[in-house]
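**Student:** quick one, what's the 3D model for this:
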Amino acid sequence: MSILLFIDRIAKAVTRKYRKAVFRRRISCPHKDFSLVGDITLINTNVRLGRGVTIYPGCLFYGDGLIEIGDGANVGKDTVIYSSKDGGVRIGQNTLIAAGCFIIDQDHGMEAGRLIREQANSVEAVSIGSDCWLAAGVTVLKGSHIGDGAVIGAKALVKGEVEPNSICVGVPCRKIGQRK
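**Tutor:** Numbers count the residues shown, from 1 in each chain. This is a model prediction of the structure:
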């Protein structure tokens, strides 16, 4: 191995350790048992991580409410999680969130005759159960509750309740099967 590649490997290892230490301090995480695979954007520091969590590059944690991620969960590349103070986002243990997902616990008011940006937001907590899989590009909107073991197909839009162990696809998502 050339000296240049050796130095590059060391630089990358130091960068990973530095990012993890800063992230851990910013969210006041009491343990070191999680992995950051690359750069993430942490605007919301109200984050609780379980053990064995993996967060992939490009993720954005935004808002000012609690984002809780259970033991063994994975948050895929370029996923955005927005949590409001009066709502919150909870992701259960061993849940897999693929790349490019969007999870949000609020939306804007839409009264006619007033600028949308001047209207109050509507907030409802989001919960995603344990042992779930959200495939690439899934959107989960405010007030949604995904039961344990559910599978949500790629690019689906979740608004409301998803039964445990169900398989759902589409916009809006609908049940097409059951895990057996």
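
**Student:** and residue 115, how far from residue 107?
**Tutor:** When CB to CB, to the nearest Å is the yardstick, residue 115 and residue 107 sit 15 Å from each other. Quick note: C-beta positions are derived from backbone N, CA and C, even for glycine.

**Student:** so between those two, which is more surrounded?
**Tutor:** Shown here are residue 115 and residue 107; by other CB atoms under 10 Å, residue 107 has more neighbours (13 against 7).

**Student:** surely that one touches residue 122?
**Tutor:** Yes - taking contacts as CB atoms under 8 Å, residue 107 lies within contact range of residue 122: 5.5 Å.

**Student:** quick check: neighbours shared by the two?
**Tutor:** Common contacts of residue 107 and residue 122 (CB atoms under 8 Å, 6 or more residues apart in numbering): residue 142.

**Student:** residue 94: what's it in contact with?
**Tutor:** By CB under 8 Å, 6+ apart, the residues touching residue 94 are 70-73, 130-131.

**Student:** nearest spatial neighbour of it, skipping sequence neighbours?
**Tutor:** Distances taken as CB to CB, 6 or more residues apart in numbering put residue 72 closest to residue 94, at 4.3 Å, once the chain neighbours are dropped.
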